[in-house]
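# What shape does this take:
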Amino acid sequence: MNGTSHGLSPERDRTAAALTPLPGSLKTMSTRVRLPTPYGRCSFCLREDVALTREHVFARWLVERLRAWRVTASGHALADTAPQTRIADLVANVCGACNHGWMSSLEVSFRQAVFGTSRPERLAAPTRQVLSRWFTKTATLVAYAAGQELIPDEQWSELPNAMPAGIRVGLARIRRPRQPLDLGFEYSETHADHRTARVMSVAVQVDDLVGIVTRTPFLAVRATTLWPIRSHVLRWTTLPVVNRLTDLTAG
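Numbers count the residues shown, from 1 in each chain. All right, here's what the predicted structure looks like:
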């Protein structure tokens, strides 16, 4: 990943350099190769000179629950750069305090909201915030792993406690998903080289639920606004249904 071209901090650029074989390529973790632990500035908590561990973008509990160890992104956006990259292998540099602190708590809240045994019919405001933060955190790290910037570097520090300003999140369901975990990208220029075009939206599919995170003023027309929170009532059973992930993105 070229940190300079995407506005990333010099600290992240130095620590990420060892992980990026080619511009735009995905970073993955190999179980057979153990790289030295980089040190630098954590973009979430802003602490300087801390150990940045290579953590999986998708937590092990989720991959195991969905049996998604081997799935790859169905869209061409990822296939063009790394055809064999498994979604479960995507990693990003995160400090241990963030990984075991607010990120771990967010994973627990997300698991309870989506996979809990007793799911309330309505999505209350706290649940909407949990879903919005989880999808935004995940989409941000997915974009980073793909050598892209979804959220400006200076806004990463807002995620541990709140939603970054100017970000919109939509929610939808996918009819008969072909795989349990999937990703979709939308770029500023539909026909441009994905390694140079600017990513505008990232869609993350978890089972039959799809969250699309975008920094554009408008959401995909077939997604219900999850964030910013509106006054209208949001129910699980009335979420819009799409046939394919590409119905929510152009990629």
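
# Where does the prediction get shaky in the stretch 101-250 of the chain?
Along the stretch 101-250 of the chain, the model assigns pLDDT under 70 to residues 189-197, 220-221, 250.

# all helices for it, in order.
Assigned by DSSP state H, counting those that start in this stretch, the helices in the stretch 101-250 of the chain fall at 102-115, 125-145.

# Can you tell me which of these is packed in deepest?
helix 125-145 (a mean of 22; mean count of other Cβ atoms under 10 Å). Every residue, glycine included, has its C-beta placed from N, CA and C.

# Could you check the angle that helix makes with helix 102-115?
With axes from the mean of the first three to the mean of the last three Cα atoms, to 10 degrees applied, the angle from helix 125-145 to helix 102-115 works out at 120 degrees.

# Report all helices and strands that helix 125-145 contacts.
If you count contacts as 3 or more Cβ pairs under 8 Å, 6 or more residues apart in numbering; DSSP states H and E, helix 125-145 packs onto strand 91-95, helix 102-115, strand 168-174, strand 199-206, strand 209-214, strand 224-227.

# Same list (those) but as a markdown table, adding distance to residue 242.
Shown next, in a markdown table, are these (distance: least, Cβ to Cβ, whole Å):
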| stretch | distance to residue 242 |
| --- | --- |
| strand 91-95 | 28 |
| helix 102-115 | 18 |
| strand 168-174 | 5 |
| strand 199-206 | 10 |
| strand 209-214 | 7 |
| strand 224-227 | 11 |
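
# Quick check, central residue of this structure?
residue 139 (1.8 Å; Cα atoms, centre = their mean).

# Does it touch residue 211 like I think?
Yes: using Cβ atoms under 8 Å, residue 139 is in contact with residue 211, at 7.5 Å.

# which residues are in contact with both of these two?
The contact sets of residue 139 and residue 211 overlap at 203, 204 (Cβ atoms under 8 Å, 6 or more residues apart in numbering).

# For residue 96, grab the count of nearby residues.
Using other Cβ atoms under 10 Å, residue 96 has 14 other residues around it.

# I misspoke; the intended subject was residue 242.
Residue 242 has 18 nearby residues by other Cβ under 10 Å.

# quick one: it and residue 170, what's the gap?
Applying Cβ to Cβ, to the nearest Å, the value for residue 242 to residue 170 is 11 Å.
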